[in-house]
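1. Quick one, what's the 3D model for this:
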Amino acid sequence: MKIVFMGTPEFAVPSLGALAESGDEVVALIAQPDRPSGRGRKLTPPPTKQLAERLGIPVLQPSRIRTDEFIQELKKLNPDLICVVAYGKILPKAVLDLPRLGCVNVHASLLPEYRGAAPINWAIACGEKVTGVTTMMMDEGMDTGDILLKREIPIDEEDTGETLSGKLSQLGAKLLIETIELLKKRELRPQKQDESRATYAPLLKKEDGKIDWGRPAVEIENQVRGMLPWPGAFTTLDGKLLKVYKVRVSDGAGKPGVVIESNTGTIRVGTGEGTVDIQELQIEGGKRLDSKAFLAGRKINPGTVLGR
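-> Numbering: from 1, shown residues only. Predicted coordinates:
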């Protein structure tokens, strides 16, 4: 088959690689335009483009996909199937109707749960124990198309948004190839989504990382894990931004945001229910450190209030 692949970030890379090795022809990659990155704001190609160029796959990076020019370019490619993995835009009907077998999407949740832009992060932040990937036939809605296949995996206690994304990207690549093989054999029966079970995972905002110390300790731990790698969890210490990379629910109780213990390499903080130990952190202008190294260079007295 002739396949057009639409995907942009690192999450889409394993799926593109798997398609390139599958025996079908990837006639083009469509990705978001290059973006400024790093301290120097150097224009940087997205991860999928970097792989496509190594594989010799033609790359298109339209700033807009709802134009006649782009639709005509897509028609010239004459794809049998379009595969979409974290492309970053909702496809118009003109694109959805173009390939004879339709458009298949890989979504990083067990649909209809966690539709939207950030399903991996919100699944962790909301305390889920299980997640997975879903392949579906795309329609004009936001992750509302008919379900083709699902695979689930447990969310480990140590998982962050970053580590879980890596696991799901590999699982999604395998599921995409399986889905395509079954589509070729006409052995798939698309299933309508149960709208009554639908939940949403909206695009992350900077303020989603702000720690509310009045929440229960377990919810704060989930938030810290879920907000990695971006926007990251944060609070303040003595008026300075304090990034929090790792916490663990601990014993005891204390007032929300108040440091209870900080003299043995442990930074224990009270919450609305229970306490947490901050294990990795970074003060504004400083380096990311474990709590012991942090306290070796900066004293925090018990009674100090975080997020004041």
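2. Okay, and the beta partners of residue 249?
-> Residue 249 forms beta bridges with residue 276, as assigned by DSSP bridges.
3. And for it, the neighbour number?
-> By other C-beta atoms under 10 Å, 17 other residues sit near residue 249. In this view, the C-beta of every residue, glycine as well, is placed from N, C-alpha and C.
4. I'd guessed it sits against residue 215; true?
-> No: using C-beta atoms under 8 Å as the test, residue 249 is too far from residue 215 to be in contact (12.0 Å).
5. Need the residues touching each of these two.
-> Shared contacts of residue 249 and residue 215 (C-beta atoms under 8 Å, 6 or more residues apart in numbering): none.
6. How about the contacts made by the closest residue to residue 307 other than its chain neighbours?
-> Nearest non-adjacent residue to residue 307, counting by C-beta to C-beta, 6 or more residues apart in numbering: residue 235, 4.2 Å away. The contact partners of residue 235, by C-beta under 8 Å, 6+ apart, come to 210-211, 213, 242, 244, 257, 306-307.
7. Turn the buried ones among these into a named PyMOL selection, would you?
-> Buried residues within the contacts of residue 235, by 16 or more other C-beta atoms under 10 Å, are selected in PyMOL with:
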select buried, resi 211+213+242+244+257+306+307
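8. Strands - which of the contacts of residue 235 land there?
-> 242, 244 (DSSP state E).
9. Return the member of the contacts of residue 235 nearest to residue 292.
-> residue 244 (15.5 Å; C-beta to C-beta).
10. Can you identify each of the helices in the stretch 1-150 of the chain by residue range?
-> Assigned by DSSP state H, counting those that start in this stretch, the stretch 1-150 of the chain shows helices spanning 13-20, 47-55, 68-77, 93-96, 119-125.
11. Of all these, which one is nearest residue 31?
-> Nearest of the helices of the stretch 1-150 of the chain (C-beta to C-beta): helix 47-55, 5.0 Å.
12. which residue packs closest to residue 256, ignoring adjacent ones?
-> residue 213 is the one closest to residue 256 (C-beta to C-beta, 6+ apart), at 4.0 Å.
13. related to what we said a few turns ago, run through the bridge partners of the residue nearest to residue 307.
-> residue 242.
14. Number the residues from 572 up from this point.
-> New numbering, starting at 572: the last item is residue 806.
15. What separation is there between it and residue 585?
-> To residue 585, residue 806 is 35 Å away according to C-beta to C-beta, to the nearest Å.
16. ok, now residue 850?
-> Taking C-beta to C-beta, one finds residue 850 at 30 Å from residue 585.
17. quick one, which of those two is more surrounded?
-> Using other C-beta under 10 Å as the criterion, residue 850 and residue 585 rank with residue 585 on top: 21 against 18.
18. Return the per-residue confidence for the more buried one.
-> Looking at residue 585, its pLDDT stands at 98.
19. Name the nearest residue to it, sequence neighbours excluded.
-> That would be residue 744: by C-beta to C-beta, 6+ apart, it lies 3.8 Å from residue 585.
20. check which helix or strand covers that neighbour.
-> In this structure, residue 744 sits in helix 732-755 according to DSSP states H and E.
21. Direction-wise, compare that helix with helix 584-591 and give the angle.
-> 30 degrees (axes from the mean of the first three to the mean of the last three C-alpha atoms, to 10 degrees).
22. Many thanks, I have nothing further to ask.
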